[in-house]
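Colleague: here's my sequence, what's the structure:
(chains A, B, C and D)
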Number of protein chains: 4
Amino acid sequence: MDEVKVGIAGLGRLGKVHANNICYKIPGAKLTAACSVAEAELEYAKNELDVSDVYTDYLEMLKSADIDAVAIVTTSSEHCWQIEAALAAGKHVFCEKPLGINEEECKAAERAVEKYPDKIFFLGFMRRYDPSYAYAMQKIKEGAIGKPYLVKATGIDPESLVEGSIKFCSTSGGIYIDMASHDIDLMRWFLGDEVTEVYALGCTFKHPEFEANGDCETGCAMFRFKNGAIGQIHVGRTAAHGYHIETEVVGTEGSIRISPVPAKNLAMIYDKNGAVVECVGSFPERFADAYVLEMKEFIACIREGRKPDVTVYDGTKSTKIAYAAAQSLKEHHPVQL
Amino acid sequence: MDEVKVGIAGLGRLGKVHANNICYKIPGAKLTAACSVAEAELEYAKNELDVSDVYTDYLEMLKSADIDAVAIVTTSSEHCWQIEAALAAGKHVFCEKPLGINEEECKAAERAVEKYPDKIFFLGFMRRYDPSYAYAMQKIKEGAIGKPYLVKATGIDPESLVEGSIKFCSTSGGIYIDMASHDIDLMRWFLGDEVTEVYALGCTFKHPEFEANGDCETGCAMFRFKNGAIGQIHVGRTAAHGYHIETEVVGTEGSIRISPVPAKNLAMIYDKNGAVVECVGSFPERFADAYVLEMKEFIACIREGRKPDVTVYDGTKSTKIAYAAAQSLKEHHPVQL
Amino acid sequence: MDEVKVGIAGLGRLGKVHANNICYKIPGAKLTAACSVAEAELEYAKNELDVSDVYTDYLEMLKSADIDAVAIVTTSSEHCWQIEAALAAGKHVFCEKPLGINEEECKAAERAVEKYPDKIFFLGFMRRYDPSYAYAMQKIKEGAIGKPYLVKATGIDPESLVEGSIKFCSTSGGIYIDMASHDIDLMRWFLGDEVTEVYALGCTFKHPEFEANGDCETGCAMFRFKNGAIGQIHVGRTAAHGYHIETEVVGTEGSIRISPVPAKNLAMIYDKNGAVVECVGSFPERFADAYVLEMKEFIACIREGRKPDVTVYDGTKSTKIAYAAAQSLKEHHPVQL
Amino acid sequence: MDEVKVGIAGLGRLGKVHANNICYKIPGAKLTAACSVAEAELEYAKNELDVSDVYTDYLEMLKSADIDAVAIVTTSSEHCWQIEAALAAGKHVFCEKPLGINEEECKAAERAVEKYPDKIFFLGFMRRYDPSYAYAMQKIKEGAIGKPYLVKATGIDPESLVEGSIKFCSTSGGIYIDMASHDIDLMRWFLGDEVTEVYALGCTFKHPEFEANGDCETGCAMFRFKNGAIGQIHVGRTAAHGYHIETEVVGTEGSIRISPVPAKNLAMIYDKNGAVVECVGSFPERFADAYVLEMKEFIACIREGRKPDVTVYDGTKSTKIAYAAAQSLKEHHPVQL
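Modeller: The predicted model follows:
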């Protein structure tokens, strides 16, 4: 197949990451159109990405632009209808996580994906494509740790970006919906099983604004899986040292742990503080490769007529489980799924 | 004060560790008597420790031996009455953890300790004396991580010793009572607060014998503290790499983590497997220094008339919380304290 | 400036790396021509890189191809005359290290570069562009370790590739010329000074073929700098664990060390061997980013009319110093520069 | 055999370490006498160690004290004659390194040791008894890294103690004699071979006092062994992060590295600086266990009639090689042995 022409919807922080990747880092892909409600983002598309075919109306882009596929990087609440519209317009779809912000939306997206089986639908659970996570999964498949039965996941945003977290916390759906979907997806992926119960706690010790807005600064939850396996999640927003994503998968014959030290690079400084490793500062820095690799896989799926490993159902499940965690936190008891 | 003369009760695996420490590593202490129901252990005392004043009857030792203090390293179910008897006989008491195997016993021990305020009672929560844990506490007190609000604790026995775990699991009270008391004590110590609720899960994936005996191979629990702080515990019995004790304390300004790699020593081997660090194989190896340092502190408390930081109430609380975890696991709902 | 059109000379292992980077990873660059004496490599250019304008004659490419710049990734002995010819033909030049294989050649290349001051000449000391090395230099410039006065560099090829090393060792000029040029460049770069004396040793303990061919399996050398600073180099070819590149810069206020563990990724496996980190297997894996970043800088220099930090003189000096080390090893005494 | 009665000569910083170990940490040993020219040190012996039999005259102690053995921890220049006198008086001898301060002295000590073959002579190369170094040797003997052929050793005193280094540098014999003897011994031990040539450099970048006193702040040397193996040493005095002792042994099938991070304990702090490991501050802290273990071995050799692995000849060789390094530095050419 020839070059895949992609239109992007949304050019915020993460939208710019995807747009630049499509432009410059994905052989076989070309960014040919862009859509945004923000004028400055369209200027960015024209000036920095050399994309002149820009739109303020998403449906107009679907109708008029010369595109084979869309990359949806808009606000979470827009994802599901934009997926449906794109598939109906005959486009392949890449959609950032989360799939949707409630189960009904997600179910509608599922039906749309089922209705157009010849179109590729790709959900952006990019951590699965991060070289370290992909390596972990490969080792697990090779039997390196036996049967996995426990996933311990930590995800903490840096204190340096806490202002943004505070600003959006009242509308984000709360810490579990906002921050835990990648971890929930990884648990399901590594354990190969489904959650049946969740028990969640939360606390706020540094920035009372989180509590004042009905959210939590830190969340800790436990997940029980159908086969008896267990998940533990710790999400937070105030890491002093940077952006801390750490995951451990425990199996019957060993365990594998990813980035207990979220090192910025391979250097260690020995100075009056001791032996010091500087840490990554943000998710675009930590997962730069993962964003490229997932988009490569999306384009490869289109060109080779393959279905991606991540499905629309993974999106629904992640959303459902995050909502159950939010409910458990609010109602203070375990919630069954 | 002159040298403190100590009689030891119990010369099993851990009893031998304490006995040797008292004999050879604690200035100001002298092992002068030993008591055991096992003849071989008394032979050990005579031949290896040069202690000729040996007993098969604990009360007889209290009555006849030339001792200022006793070190109780017997079966858990004997601890509480032996504490009472020793105090009543005018002896200072060192007692291995756990304090007792149910709350009533512990309360009786509390009353005995209160009745003899001039006697030192020291409970062997030795991890507090481990140089790395003591350093962590010191840093926390100095403000290095701000206000601590989350403790994540992992304790996994080595697969190499799993036969023993299986053998005793039907009588040990279950994984939380058997294995979590140190972690529970550390959570309370680091957070400076009390548990109000516990929710516990368990699973068995490698050795079905645990399940068959009403126990679990692995346990994961969450603890809610009065001030909103949270504890997460993961205990297990099948670590392929060795004896894995790891603890992280998360605070408002940073966090501190102890032994994510339970390294045997300071060497790293680069070979065809990669860069490899061999791990410690057992608790006597990992905590050799801690056992010496706690006994030094016990002797120092006696000689200087100081009260130790660990109290009899810490023992009761640790036992109560472990029982609540066991109950939560069994009844499958959160348990209030 | 418009897109920079690049012709590549040489499409061996490293040539393919550069060609793919120019094609897919460097905004503002386009690979428009390729030259190789190997038919299979030209087929590769056509089929994999979509470059149809291919040549077997380098001068013919310079004359006929629509290119602004050439990337020279040919055999070391061809570098210098190809540089001269390209500059004379009005092309910007990227040349892989080493600059040349003897000082006379290098001097001729210097004169050519001086003769065409409006053309960009870029020498591929890519380690300077590796994120970890660049970070180290930035920290040093910021004063993090005070005045640097000692560089300790280790570079060991993997045992898995030793067949290739043995095959080429009789024609490669020996271990210092073959393997030490990056380390020599880094020493000069970090210390900001010039070598005045070198003393080199060598040994062969695993593969006698190296010695039989007049080469060494392992080389250790010390370098004295004009200002008194010191360099230590250890180069080898038989690392069991992978491709080991490690560098430490010691300064008056601290030191900085890069990749003591050449980790493949961020994962650690805990299994019966202990805590294990798998290592990178080759230079294209270790320095994938560095190859992209140096080529980006080459293209940016052309488009912005900037001169790169690495100069042709750095190439001459690196070659001279490597020859002095080879001479010291052979004649068994220190050699002055 | 009964308890070994030991008299100590010298109660400075290291003498106190040994004296305390003999008193409190070595089963089967008893400190019964002490000798020092410093009155305060004899007071220390009486008050802190409960040793009342004290001497200002070494020969007097040999003659009058009730001792089986002496531990010589005096100034280096006194070692050799004190060894001879003690052996002649029928005592077993433990002597701190270095054996002596020149080859003649060492040869005289050798003859004395040979003359009294039934007496134990133990030289304090304690690093061989450090658990990590001993583990490395054991792994090497088991074949873990094949045939060892390169040792890279680093030893840097902490900047916090630099005043003392400066004070004594004019009389210490220079950096190689003062600081390299442990590293030289380890090279010989790990490689199982003898040095034939040494080439040494030195520099001073932070504290000009070293240079002004004819010494160097930092020394780097290379050693050629009879069998072709190589040693690299880096010694210094200004480590910002603490006391840095690191050694790597490279073999045909792998390598083993000891303490690239001289961690104070098992804790890592994550704070605004990144992930930070605090480092050890001094040799008594780093090698506390090694000092105990070597003394245990000395006592065990006496009691069991065994000869220690370290011999008097190891002492002579270490001294000779250190002198050759000092000569190479001074005369600026390689020196043959």
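
Colleague: for residue A:277, what are phi and psi?
Modeller: The phi and psi values for residue A:277, taken as degrees, to the nearest 10, are phi -110, psi 120.

Colleague: check contacts around it.
Modeller: Residue A:277 is in contact with A:261, A:263, A:264, A:267, A:268, A:269, D:274, D:275, D:276, counting by CB atoms under 8 Å, 6 or more residues apart in numbering or on different chains. C-beta coordinates here come from the backbone N, C-alpha and C atoms, glycine included.

Colleague: which among those residues end up buried?
Modeller: A:261, A:263, A:264, A:267, A:268, A:269, D:274, D:275, D:276 (16 or more other CB atoms under 10 Å in any protein chain shown).

Colleague: those in strands, which ones?
Modeller: A:267, A:268, A:269, D:274, D:275, D:276 (DSSP state E).

Colleague: give the contact list for the first one.
Modeller: Residue A:267 makes contacts with A:277, A:278, C:132, C:135, C:136, C:139, C:256, C:257, C:258, C:259, as judged by CB under 8 Å, 6+ apart.

Colleague: if we go to 10 Å?
Modeller: Neighbour list for residue A:267: A:276-278, C:131-136, C:139, C:247-249, C:256-260 [criterion: CB atoms under 10 Å, 6 or more residues apart in numbering or on different chains].

Colleague: of the buried ones among the contacts of residue A:277, which is the nearest to residue D:226?
Modeller: residue A:268 (36.0 Å; CB to CB).

Colleague: partners of the closest one in the sheet?
Modeller: In this entry, residue A:268 is beta-bridged to residue C:257, by DSSP bridges.

Colleague: that one contacts residue A:276, doesn't it?
Modeller: Yes - counting by CB atoms under 10 Å, residue A:268 does reach residue A:276; the two are 6.8 Å apart.

Colleague: quick check: neighbours shared by these two?
Modeller: With CB under 10 Å, 6+ apart as the test, residue A:268 and residue A:276 both reach C:256, D:274, D:275, D:277.

Colleague: burial of residue A:69, as a residue count?
Modeller: 23 (other CB atoms under 10 Å in any protein chain shown).

Colleague: my guess is it contacts residue A:26, does it?
Modeller: No - at 11.3 Å, residue A:69 does not count as touching residue A:26 under the criterion of CB under 10 Å.

Colleague: show the backbone phi and psi for residue A:214.
Modeller: Residue torsions, per degrees, to the nearest 10, at residue A:214 are phi 80, psi 10.

Colleague: what sits against the nearest residue to it once chain neighbours are set aside?
Modeller: In this structure, residue A:214 finds its nearest non-sequential neighbour in residue A:170, 6.5 Å apart by CB to CB, 6 or more residues apart in numbering or on different chains. Shown in contact with residue A:170 (CB under 10 Å, 6+ apart): A:209, A:210, A:212, A:213, A:214, A:215.

Colleague: likewise for residue A:217?
Modeller: Per CB under 10 Å, 6+ apart, neighbours of residue A:217: A:162, A:165-166, A:169, A:175, A:202-211, A:235-238, B:149, B:252.

Colleague: if we use 6 Å, what do you get?
Modeller: A:204, A:207, A:210, A:237 (CB atoms under 6 Å, 6 or more residues apart in numbering or on different chains).

Colleague: my read: the first one touches residue A:214, true?
Modeller: No - with contact taken as CB atoms under 6 Å, residue A:204 and residue A:214 are classed as non-touching, separated by 10.7 Å.

Colleague: who's more crowded, these two?
Modeller: The neighbour comparison of residue A:204 against residue A:214 (other CB under 10 Å) goes to residue A:204, with 20 against 10.

Colleague: any idea how far the nearest residue to residue A:69 once chain neighbours are set aside lies from residue A:302?
Modeller: Excluding the flanking residues, the one nearest residue A:69 by CB to CB, 6+ apart is residue A:92, at 3.9 Å. Using CB to CB, to the nearest Å, one obtains 5 Å as the distance from residue A:92 to residue A:302.

Colleague: between these two, what contacts are shared?
Modeller: With CB under 6 Å, 6+ apart, residue A:92 and residue A:302 have common neighbours residue A:120.

Colleague: so which helix or strand takes in the residue in the stretch 101-250 of chain A positioned nearest to chain D?
Modeller: With CB to the nearest CB as the measure, residue A:241 is the residue of the stretch 101-250 of chain A nearest to chain D, at 4.3 Å. Residue A:241 is part of no helix or strand when elements are defined by DSSP states H and E.

Colleague: name all residues that make contact with it.
Modeller: Going by CB under 6 Å, 6+ apart, residue A:241 touches A:279, D:270, D:274.

Colleague: residue A:196 touches residue A:229, doesn't it?
Modeller: No - applying CB under 6 Å, one finds residue A:196 not in contact with residue A:229, separated by 10.3 Å.

Colleague: who's more crowded, the two?
Modeller: Taking neighbours as other CB under 10 Å, residue A:196 and residue A:229 compare with residue A:229 leading, 25 against 13.

Colleague: how close does the more buried one get to residue A:329?
Modeller: Taking CB to CB as the measure, residue A:229 falls 22 Å from residue A:329.

Colleague: and the nearest residue to residue A:213 once chain neighbours are set aside, how close does it get to chain C?
Modeller: Once flanking residues are discounted, residue A:213 sits nearest to residue A:170: 4.0 Å by CB to CB, 6+ apart. Going from residue A:170 to chain C by CB to the nearest CB, to the nearest Å gives 34 Å.

Colleague: what about residue A:170, which SS state?
Modeller: Each residue gets one of three states, and residue A:170 gets coil by DSSP: H, G, I helix; E, B strand; the rest coil.

Colleague: same question, residue A:220
Modeller: Per three-state DSSP, residue A:220 ends up strand.

Colleague: go on, residue A:200?
Modeller: Residue A:200 is classified as strand under three-state DSSP.

Colleague: residue A:99 too?
Modeller: Classification of residue A:99 by three-state DSSP places it in coil.

Colleague: what's the spacing between it and chain D?
Modeller: For residue A:99, the distance to chain D - CB to the nearest CB - is 33 Å.

Colleague: can you name the residues that contact the closest residue to chain C within the stretch 51-200 of chain A?
Modeller: Residue nearest to chain C within the stretch 51-200 of chain A (CB to the nearest CB): residue A:132, separated by 4.1 Å. Neighbour list for residue A:132: A:258, C:265, C:266, C:267 [criterion: CB under 6 Å, 6+ apart].

Colleague: and of those, the nearest to chain D?
Modeller: Nearest to chain D out of these is residue C:266 (CB to the nearest CB; 12.7 Å).
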